[in-house]
Every structure is written in C-alpha cells, then in structure tokens.
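this is the structure alone, sequence omitted:
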Ligand SMILES: Cc1cc2nc3c(=O)[nH]c(=O)nc-3n(C[C@H](O)[C@H](O)[C@H](O)COP(=O)(O)OP(=O)(O)OC[C@H]3O[C@@H](n4cnc5c(N)ncnc54)[C@H](O)[C@@H]3O)c2cc1C
C-alpha cells in the first residue's frame, strides 16, 4: 500500500468508484480508493438497478441524463459488461394533476436536452401489455431509461478508473482521520497510514461514521427499502422485446422486467429508518434485512390491480435492503464547510441514476475549483446547524413516504415543523401560511380577516391568489411591512475589511453611509452571489443575502479569507427586522425615528445608524419591491417591539404585513432577479445583467480576468429578459422553453402574476438575437404554448423614480 496519495476516496460503492473514474479520466494521478470489504459491499450490490432522468431539480435531471449517456463509455473503457437494458422508461399519470405535472416536465426536458415524449394510454399498453391502462391518462416516455447490473456497473467504473492509473485497495478499512498542519490528512487504516492531500467521504451506509472521524455531522439516514422479483409471466415469455421501466407515480411503485419475471418496488409507509445509532461495521456485503411483508401489503394491492398478471405470478425473492436518504432526497456533495480538504459524496439515494453526475461534479470541483454547473441542489452546504439528527430522521422519513407523491411547487411538507421561528411567530402563526427557509418558518401570505388561512397545493394559481394581490397592491398604493428575519446577515469587521470586500466582491465597495448591490464571481466569471453591502464605517460592514445560502456563503468567505485583519460573523439569527415599502413608508417611519428621512438628507441607497421606536437600528434606503422603502435591521430581541411601533405608526396610513408571495410578484414587476432563479453559478455577469454593478476598473477581484474577457468580447449568447404572457389561471415556474416558431430560443427562470401590472410575467434567458416586443414569442405554461411578449423595460416604473423619490 502507498504511504502518500493526492486523494484517498473512502468507499468502493458505485459513488466512490465513479469519483475515482472521473478524477483519473480528467488527469489526476496518485489517487486511491479504499474499500473495507469487496467493491459494492454497502448498498450498491442489492440495488434494483433502475436508471431514469426525472428529478425535481433541473440541474440534477441534467446530471442524471449525463449518467445515462456515460454507461456505454465505462462499458467500453473497462471491457466490463454492465448488463444494460435500455428498454426505455415511462412515468405514468392516473390523475389530471399528475398529467399536468408530466406535461410540464416534458416541456422542461426540452430545455434540458432530454429527448422524452408524451404518450397516451394506448401507446403505453402497446409498450407494456401487462399494464391495465384503463385509468391511465398518459405517460412520459424516455427511450434512454432502463436498468443495469449494479455490481457490473460499479466494477466497470472501478476498472475504467484503473485503466487511467488509479489504484484500489480492497479489504482495507479506514479507522481514523487526523488533519495535518498543512491541511492534508493522515488516513489510518487497518493496513497502515496513508498521507493524503484530500479525502473523499463516499462511504455510503457508513458516511455518518466516516464523517464523525473528521468531526463532521452529515445530514443523512439509512432507510429500509423493499422490492420483489416474481416468477416468469406468460405474457412476457411470449414477448420478444422487454417492457419499459414503469414509474407508476399514482400507484406509488416502480416496475420492470427481470428475465421473464417482474421486479416491483414500493416506497412503504410508514418508512423505516435503519441503524439510527450508527451502521454496524460488521454489516456484511451479502447481508439483507428481514422482509416485513405487512408494511408492503397496501402498496402491493394497488400495484396488483394495475398489473393483474403480476398478482397471479409467484414471488421468487423479496429484497429488503438499506440505503441512505437526506431530508430532500438529494445527495450531499462538495467541500464540507469548516473542514479543509474533506469532500462529501454521500447521501445518494439513486446511486446508479446519479452516480455519473455526482462523480463528474465532484471531480470538476476538486480539479478546477468549481463544478461546471450550478449544483446547489446537491451541495452539502445547503444544510446548516438546524439539520440535527432528529430533524434529518423526520424529514428523510417524510421524503421517503412521499417519494412518488405530487410535490406542488407551492407546498411545504409538515414534518419537523415548526423548527426555527422568528420572534413574531406566535402572533403570526394563526394568521399566515408559512413555508420553510433554512429551517425557519417564513410567512408566504397573511389572511385578511385574522383567521388561519390554508393554501391548496396546485400547479395553477391557488386560493392564495386574490389575497396576495391585495397585499401587493397595498404596497404600491400605501405601505407594506415585510419581515427580514429570513435574510442572511453577515458582519464584516477589522482593518482589512474593505480590502477583503474589494477582493471577494466584484463591485466598488461603498463608502460609509452607503449601500451597494454586490455580485460575487467565481474565478471563471460565473456568478457566486448577489449580496448587498451596507457600509457602516471604514472597518465595519453588513452584508445581506438569501437566508438559505448561509452555510454556502460562509464556506466561500472562509475559503477566501486572508490570514488576519478581517473577521466575518454570521449574525443571521442575531438580527431581524423589516422592509417597509410603499409611497407612505417615509411618513410612517418618520413618525418613530428622529433621523431626518427627507430625500435629500437620506437618499436612495443611503445607510444610517439610528433609533427606530425603542430599537437601536441600522436603516438602509432600498427595497426589493421597487418602491420608496427602507430596510430596518435590529437585534432580534427588538423585533416584536419594532413590529408594534411600526403598526401603531402606520395604522391610519394603510400599513399591513405582506409575505414572500407578494414580494415575488412585486420584484417580477421590476424585473429584479433573485438567487437560484435568475442568478446562479450557471450564468455570468454579462448574461445576467449583473455587469452593471461590476467595477471592471478595480485593480483586482475574484473572477476579474474572466469578467474582463467577457466584457471585451461583448458577445454573450443569451441575456436575462422579462416576458408578459397571455395565460388564464397558471403562470410559469421556471425552466419552461421559450419559442420563436419551432425554434427554442430560451427558457424561463421564474414566473408569477404581476398583480399591479395586471399580467402574468416570467423572467428567463433568451438567446441574443433580433427579438423585440413585436416578436411573436411563445412560452410553455403547464405544458401548453402561450403567446408571450418581450418587455423591453420592466413592467412597473421603468425609470426607477419611485424608489428614488
Ligand atoms: C433495495 C434497494 C434498491 C435500490 N434501487 C436503486 C435503483 O433502482 N436505482 C438506483 O440508482 N439506486 C438504487 N438504490 C440505491 C443505491 O443502491 C445507492 O444509491 C448506492 O448504492 C449508493 O452507493 P454509495 O457508493 O454511495 O454507497 P455504498 O454502496 O453503501 O458504498 C459505500 C462503500 O464504502 C465502504 N466503506 C464504508 N466505510 C468504509 C471505511 N471506513 N473504510 C473503507 N471502506 C468503507 C463500504 O464497505 C461500501 O462498500 C437502491 C438501494 C436499495 C437498498
């Protein structure tokens, strides 16, 4: 065994082997994989082996599609048969709601380059004669889906990695990890120590234990899962070709051909977490769990109705095996915050469908410093301290049980709630509908009559629509109050604070008393953040951003920190406050502060330290609504008192609370982008229009060279735009194609109704070309093409006079 390596990958399941393959293929040498038993000895060997492209997150779908395309390559490179059966896959719908979802999904696949098609029940019956399609509305067929041999596939990744020079040590257990002063690791195994520059935790069922070796808590939990194999079916024996993989979404099961029999799997309710106290080290590579048929009965009876011949066939084998889940079902990938050179690649629920994509993303990240795509949906830094063991168990169980349920975009599931609450929660809880952001209960909208509202889950406009309309209009006509507790807030102090901010952000850092929008770029010129900096003094700044990005931002800051002179504190929970916005906001705020709010004394983008009511506050003159407005930030302990004082001051001027939905409507009317939608690592400064905040003449900042190259070339392939859409009762959600005739010329990033503009709006990226407001564009809304008009200026107050008034 070597004594030194550049990378030690811990775990020889499909994920570890895929990472090893990608690192080796992209040219890293001196890389090893350590496996405590045989390859596949965790959950990989007993997987059902089904592979499909559909995922709720667009970029994860794209990475699953990448995985499907990779199989022939690893088979050829390794010479190892992977038992690939690409008979295609069909997601079926038995309800109108599910059909709507599939139609929307089909449109989204076009944006992602996935060649799927919608088919009717007759075609489904032709492809899968054993299915009773009498209640099926339709299906989404992807010819590239199917199934494979899990063991063959894992070995193919491993062999292909070896052909590129990687080494694998089997029957070697990593027992301890100790960080060295230079940031590397002493990897202690039962066969000796390897000194490694980087370690990758791909330990699957044991990822929690390998995390603990480095003091890391990883939010995942193993869950038991059953599937069964039947004896041969006559109908299949008579067929020459194979039936496709069926995801019967409303039947909540998956089914495919295995030989001339059937493999059928269900997501049992109640879900059963496994090994909550830790995965036993002696859990053997050929060990399965005892089947619990009583937990399958309900699900199976639905399956047997849909596939009557399966019910008649004898059961040959039942598999009950554990594999890991995270609270949202997506993997945990990337550099673990707070630990140098320790990479996560675990919590992967669909290792065969996602393994290629996870390997690609992690290898790019390790080699190039960043993955090529925005992979936030599977970034280990999307979770924070709130993801405790109990939270993870509850949420992962919930995800498992709802695996095939329709997840409406306006729905937040109930497990582990309420978890974190703002000081106002007790007074809001019976008057508002909440969603959750980074564990925090966040009001979406408030009832008009003080009773507890409840929103129906829907892909279309919900019952919240009229109430949200009232909230939004009240902001533009009078004044509204939006709670800022959910925003991330960071305090940057020290003699080196300004120089560091000038390095980490692409804008000119504001002078004391001023605020500025602050894009951050990566070295390749992709967006890394859309922050706002408030300068309080030469050596004291506040930074604001999206609340759910706290661990992600803090990791980026920590990775770009000078040795001394700057201190960054995440004070998101320590501070709360309000945005007061609307034409009457100045008058209301002036009633409770001694600070002169006159436009000349306190102009747009100004920042002041001032008392507001009883609270010592920081006030910034800006608003995401595009109205005259102020953001008032106070220590959290003052939030309730400040809320009271603001409402007392604004009662006669029409002040009322508004939630996230109204804010989203208001910002769309102003064409203001937000993170994870219009702005993400997928886009550059010029494409996104963030370039107007970039100080290209600054001597240096992260991403400067790439940003300058882009500016000089001045030929972005696409640009951020806003569309007004002619639609009835539904709006865009994001990733819908934009059409010019038969040509797809762009895609949406978000959509909603502009309650004050009186039109459905969507933002998105349009190929650069001769498009103007007269161009007859169309956009998919819930699977239907609708006429759309390019807005050359934003829908409300294009001159920006109101916010400067
Ligand atoms: C019943 C069932 C059906 C499934 N069906 C599908 C499906 O149809 N499609 C799909 O895509 N996925 C499916 N899966 C999920 C899939 O099996 C997992 O996503 C995948 O196996 C995860 O692979 P992994 O490499 O992350 O983890 P694992 O396979 O658990 O591998 C981790 C490896 O790390 C090794 N290891 C751990 N600790 C150490 C240490 N300290 N030192 C050295 N080595 C160590 C272990 O021995 C193990 O070999 C199914 C799973 C089950 C159980």
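That came through fine. Small disclaimer: the values here were computed from a predicted structure and weren't measured.

buried stuff in the helix or strand of the chain with the lowest mean pLDDT?
Least confident helix or strand, the chain: helix 297-306 with a mean of 86, by mean pLDDT, DSSP states H and E. Using 16 or more other Cβ atoms under 10 Å as the burial criterion, the residues of helix 297-306 that qualify are 299-300, 303, 306. Using the backbone N, CA and C atoms, a C-beta is placed for each residue, glycine as well.

and stretch 8-16, by the same measure?
Neighbour-count burial for stretch 8-16 [16+ other Cβ under 10 Å]: 8-16.

looking at these, spot the one nearest residue 772.
Comparing the buried residues of stretch 8-16 against residue 772 with Cβ to Cβ places residue 15 closest, at 48.1 Å.

burial count for the residue nearest to that closest one when sequence neighbours are not counted?
Leaving aside its chain neighbours, residue 15 sits nearest to residue 202 (4.6 Å; criterion: Cβ to Cβ, 6 or more residues apart in numbering). Residues near residue 202, counting by other Cβ atoms under 10 Å, number 33.

same question, the one 10 residues further on
Residue 212 has 14 neighbours, counted by other Cβ under 10 Å.

so which residues of the stretch 51-200 of the chain form helices?
58-78, 96-112, 121-127, 150-163 (DSSP state H, counting those that start in this stretch).

swap in the stretch 201-350 of the chain?
207-212, 234-237, 297-306, 308-312.

for residue 444, which of those is the nearest?
Using Cβ to Cβ, the nearest of the helices of the stretch 201-350 of the chain to residue 444 is helix 297-306, at 32.5 Å.

need the residues of the stretch 101-250 of the chain near the ligand, please.
173-174, 202-206, 210, 225, 227 (Cβ under 6 Å from any ligand atom).

just the buried ones from those residues, in PyMOL syntax?
Selecting only the buried entries of these in PyMOL, with 16+ other Cβ under 10 Å as the criterion:
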select buried, resi 174+202+203+204+205+206+210+225+227
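
of all pairs in the residues of the stretch 101-250 of the chain next to the ligand, which one is the farthest apart?
Counting by Cβ to Cβ, the most remote pair of those is 174 and 227, 30.5 Å apart.

which residue is nearest the middle of the protein?
residue 377 (2.7 Å; Cα atoms, centre = their mean).

I figured residue 196 was touching residue 8, is that so?
Yes. If you go by Cβ atoms under 8 Å, residue 196 and residue 8 touch, sitting 4.1 Å apart.

mind checking the SS state of the residue in the stretch 601-750 of the chain that the ligand sits nearest to?
The stretch 601-750 of the chain approaches the ligand most closely through residue 735 (22.8 Å), counting by Cβ to the nearest ligand atom. Of the three states, residue 735 takes coil under DSSP: H, G, I helix; E, B strand; the rest coil.

contact partners for it?
58, 108, 111-112, 747-749 (Cβ atoms under 8 Å, 6 or more residues apart in numbering).

out of those, who's nearest residue 624?
Distances from residue 624 to these, taken by Cβ to Cβ, are shortest for residue 749, at 16.3 Å.

so which elements touch whichever helix or strand that closest one is part of?
If you go by DSSP states H and E, residue 749 is part of strand 743-754. On a contact count with 3 or more Cβ pairs under 8 Å, 6 or more residues apart in numbering; DSSP states H and E, strand 743-754 meets helix 96-112, helix 660-669, strand 718-725, strand 737-740, strand 759-767, strand 777-781.

make it 6 Å
helix 660-669, strand 737-740, strand 759-767 (3 or more Cβ pairs under 6 Å, 6 or more residues apart in numbering; DSSP states H and E).

for it, buried residues please.
745-754.

biggest separation within those residues, which pair?
Checking the buried residues of strand 743-754 with Cβ to Cβ, the most distant pair is 745 and 753, at 23.5 Å.

on the three-state scheme, residue 367 is what?
Residue 367 is classified as helix under three-state DSSP.

going forward, count from 10.
Sure, I'll start numbering at 10, so the last one becomes residue 376.

roughly how far does it sit from the ligand?
20 Å (Cβ to the nearest ligand atom, to the nearest Å).

against residue 89, how distant is that residue?
25 Å (Cβ to Cβ, to the nearest Å).

out of the two, which sits in the busier spot?
Taking other Cβ under 10 Å, residue 376 and residue 89 do not tie; residue 89 has more neighbours (20 against 13).

skip the chain neighbours and tell me the closest residue to that one.
residue 165 (4.0 Å).

contact partners for the one you found?
If you count contacts by Cβ atoms under 6 Å, 6 or more residues apart in numbering, residue 165 has them with 83-84, 87, 89, 91.

would you mind giving me the PyMOL syntax to select the buried ones in the residues you listed?
The PyMOL command for the buried members of these (criterion: 16+ other Cβ under 10 Å) is given here:
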select buried, resi 83+84+87+89+91
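
just checking: what are the partner strands of the strand holding residue 758?
If you go by DSSP bridges, strand 752-763 pairs up with strand 746-749 (antiparallel), strand 768-776 (antiparallel).

pick the most deeply packed of the ones you listed.
Across those, averaging neighbours per residue (mean count of other Cβ atoms under 10 Å) puts strand 768-776 on top, at a mean of 23.

tell me what angle that strand forms with helix 105-121.
If you take axes from the mean of the first three to the mean of the last three Cα atoms, to 10 degrees, strand 768-776 sits at 30 degrees to helix 105-121.

would you mind pulling the contact partners of strand 768-776?
Residues contacting strand 768-776 (Cβ under 6 Å, 6+ apart): 677, 687, 727, 730-734, 736, 740-741, 754-760, 762-763.

residue in the stretch 360-509 of the chain nearest to the ligand?
residue 360 (2.7 Å).

ok, the nearest residue to that residue once chain neighbours are set aside to residue 543 distance?
In space, residue 360 comes closest to residue 23 once its chain neighbours are excluded; the distance is 4.4 Å by Cβ to Cβ, 6+ apart. Residue 23 sits 47 Å away from residue 543, going by Cβ to Cβ.
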